[in-house]
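> Kindly return the folded structure for what I paste below:
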Amino acid sequence: MIVRPRPNWLRMLFVWRGSVLIKILPQLGVTALVSRIVVIFHGELLHRKITLTTVPFSLVGVALAIFLGFRNNASYDRY
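Predicted coordinates for the structure are as follows:
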């Protein structure tokens, strides 16, 4: 019987073989690029101040929560 030491959580972060990180790396790069652009402009676009409020984020969050609630309920009904 081969007994190997259990890897800790820090070592598991850097495992590439069998990881989904390789598949989502392009999407992760695009998201990081967009977030960097937002941070650089910080609410200014073409010398106009754009106010960033929390209202759009809360509306999207509520819609997403309702959608996920219905999907979760439908998956339990199938089970």
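
> in the chain, which spans are helices?
9-13, 21-41, 55-78 (DSSP state H).

> what would those helices look like in a markdown table with mean pLDDT?
Below are those laid out as a markdown table (pLDDT from 0 to 100):
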| stretch | mean pLDDT |
| --- | --- |
| helix 9-13 | 81 |
| helix 21-41 | 89 |
| helix 55-78 | 86 |
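
> For Glu19, give its distance to Thr54.
If you look again at residue 19, you'll see it is Ser, not Glu. The gap separating Ser19 from Thr54 is 34 Å, by Cβ to Cβ, to the nearest Å. C-beta here means a position set from N, CA and C on the backbone, and glycine is covered the same way.

> picking up where we left off before, same list, the helices of the chain, but as CSV with mean neighbour count please.
Formatted as CSV, the helices of the chain follow (neighbours: other Cβ atoms under 10 Å):
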stretch, mean neighbour count
helix 9-13, 9
helix 21-41, 10
helix 55-78, 9
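
> Redo those helices as JSON lines? Include distance to Met1.
Output for the helices of the chain, formatted as JSON lines (distance: least, Cβ to Cβ, whole Å):
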{"stretch": "helix 9-13", "distance to Met1": "22"}
{"stretch": "helix 21-41", "distance to Met1": "31"}
{"stretch": "helix 55-78", "distance to Met1": "39"}
